[in-house]
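In: mind folding the following:
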Amino acid sequence: MRRGGGEIVPVDDGPDGLVWIEFRAAQNLKKYLDAHPGIGWVQLPLAGVEDLFAAGVIDHDRTWTSAKGAYAEPVAEHALTLALAGLRVLPIRARARTWGTPAGVSLFDRPVTIIGAGGITVALLALLKPFRTEVTVVRQRPQLLDGAWRTLGIDHLHEALTGAQVVVLAPALTPRTHQMMARTEFDVMERDAWLVNVGRGGLVDTDDLVDALRAKSIGGAALDVTDPEPLPKGHPLWSMKNCLITPHTADTQEMIWPLLATRITENVRRLGANEEFIGLVDVQQGY
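Out: The predicted structure follows:
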């Protein structure tokens, strides 16, 4: 905060903004803000802020900024790791105790669909470039995204799923995207396609995903996020050979602290310079 040109003062001294770095304390934040209505700007540490909307913390009376885009590179890196692991059958090979049957699919020159057009997608497009993939991006408004082969609106989701070798989920979780991947969508996907979720667990209907994996109507699923989360011990997904799960570790605390510090520094500087913030929360859209 000081590096951005700000002065750190007690919250009772009437600061212009509040930098909040607790990740799971929505009600504590609400208490602070209710007690200090003069705070006009709040910087949040989270990229996805759906829980704060659900808790009634985010309102129209203040300017809100999140960490969206700040953690994009490590999450995109993890998404690519999960995709390659799935295509190369590593969930099975990692558990194997015999030589087994050779298998695997190369990502080179294969079509990929990414749902969402935020920082994760931008970073992932750059990582996919050496693989010569034709990438379809699905977003709310179908403006072309640099590095994408084509961009489709959310209403054309099924068209985007058809033919894709890998489908990556990276949109914000909103009422419109909640369980956007369900039975109908899995039926549209290719039988050897892998679903990679680095967004939010609620983007997927978990029961329908279990059914699709059991029926082998898709190639597999690689999940860094689940619904529910954490995934309970004994859940069917744990024992499925065509499912790979990582415990929401696409961006660990060690990875994100320097990235969050950079975001805070820049937004404090912009506050002092009366410039537009980075990572503005769209209160109307919910992200």
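In: what's the domain layout of this protein?
Out: Taking automatic domain parsing as the criterion, the chain consists of the domains 11-69+252-273, 72-245.
In: of those domains, which stretch is the most buried?
Out: Greatest average neighbour count among those goes to domain 72-245 (a mean of 18), per mean count of other CB atoms under 10 Å. (Glycine included, C-beta is placed from N, CA and C.)
In: pLDDT of that domain, averaged?
Out: Domain 72-245 carries an average pLDDT of 97.
In: list the contacts of G234.
Out: G234 makes contact with no residue under the criterion CB atoms under 8 Å, 6 or more residues apart in numbering.
In: what about W64, which SS state?
Out: Using DSSP: H, G, I helix; E, B strand; the rest coil, the secondary structure recorded for W64 is strand.
In: pLDDT wise, what is it at?
Out: Listed pLDDT for W64 reads 98.
In: the closest residue to it other than its chain neighbours: how many residues sit nearby?
Out: In space, not counting the residues next to it along the chain, W64 is nearest to V281; the distance is 3.9 Å by CB to CB, 6 or more residues apart in numbering. The burial metric for V281, expressed as a neighbour count using other CB atoms under 10 Å, is 22.
In: returning to what we had before: can you say which of the domains of the chain is nearest to G4?
Out: Comparing the domains of the chain by their distance to G4 (CB to CB), the top pick is domain 11-69+252-273, with 3.1 Å.
In: how close does the nearest residue to L237 once chain neighbours are set aside sit to L82?
Out: Nearest non-adjacent residue to L237, counting by CB to CB, 6+ apart: C243, 5.1 Å away. Here C243 is placed at a distance of 11 Å from L82 (CB to CB, to the nearest Å).
In: what residues are shared contacts of these two?
Out: Counting by CB under 8 Å, 6+ apart, the residues touching both C243 and L82 are A222, L223.
In: just the strands in the stretch 51-200 of the chain please.
Out: Listed in chain order, the strands of the stretch 51-200 of the chain (DSSP state E, counting those that start in this stretch) span 63-65, 112-115, 135-139, 150-153, 166-169, 194-197.
In: which residue is nearest the centroid of this protein?
Out: G199 (2.7 Å; CA atoms, centre = their mean).
In: so that one touches T174, yeah?
Out: No. Using CB atoms under 8 Å, G199 is not in contact with T174; the gap is 11.0 Å.
In: hang on, the earlier thing: reformat the strands of the stretch 51-200 of the chain as CSV; add distance to A221.
Out: Below are these laid out as CSV (distance: least, CB to CB, whole Å):
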stretch, distance to A221
strand 63-65, 33
strand 112-115, 14
strand 135-139, 18
strand 150-153, 22
strand 166-169, 10
strand 194-197, 5
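In: for those, which one sits closest to R95?
Out: With CB to CB as the yardstick, what comes closest out of these is strand 194-197 (17.3 Å).
In: contacting residues around the spatially closest residue to L195 that is not a sequence neighbour?
Out: Of all residues not flanking L195 in the chain, A221 sits nearest, at 4.5 Å (CB to CB, 6+ apart). The neighbourhood of A221, defined by CB under 8 Å, 6+ apart, consists of G86, W194, L195, V196, N197, L209, L213, L237, N242, C243, L244.
In: separation between the last one and L157?
Out: Which is L244. Using CB to CB, we find L244 at a distance of 23 Å from L157.
In: wait, V19 sits on M1?
Out: Yes. Applying CB under 8 Å, one finds V19 in contact with M1, separated by 6.1 Å.
In: show me whatever sits in contact with both of these two.
Out: Residues touching both V19 and M1 (CB under 8 Å, 6+ apart): I264, V268.
In: quick revisit: for the residue nearest to W64, which residues are in contact?
Out: The neighbourhood of V281, defined by CB under 8 Å, 6+ apart, consists of L44, V49, I58, W64, T65, S66, Y287.
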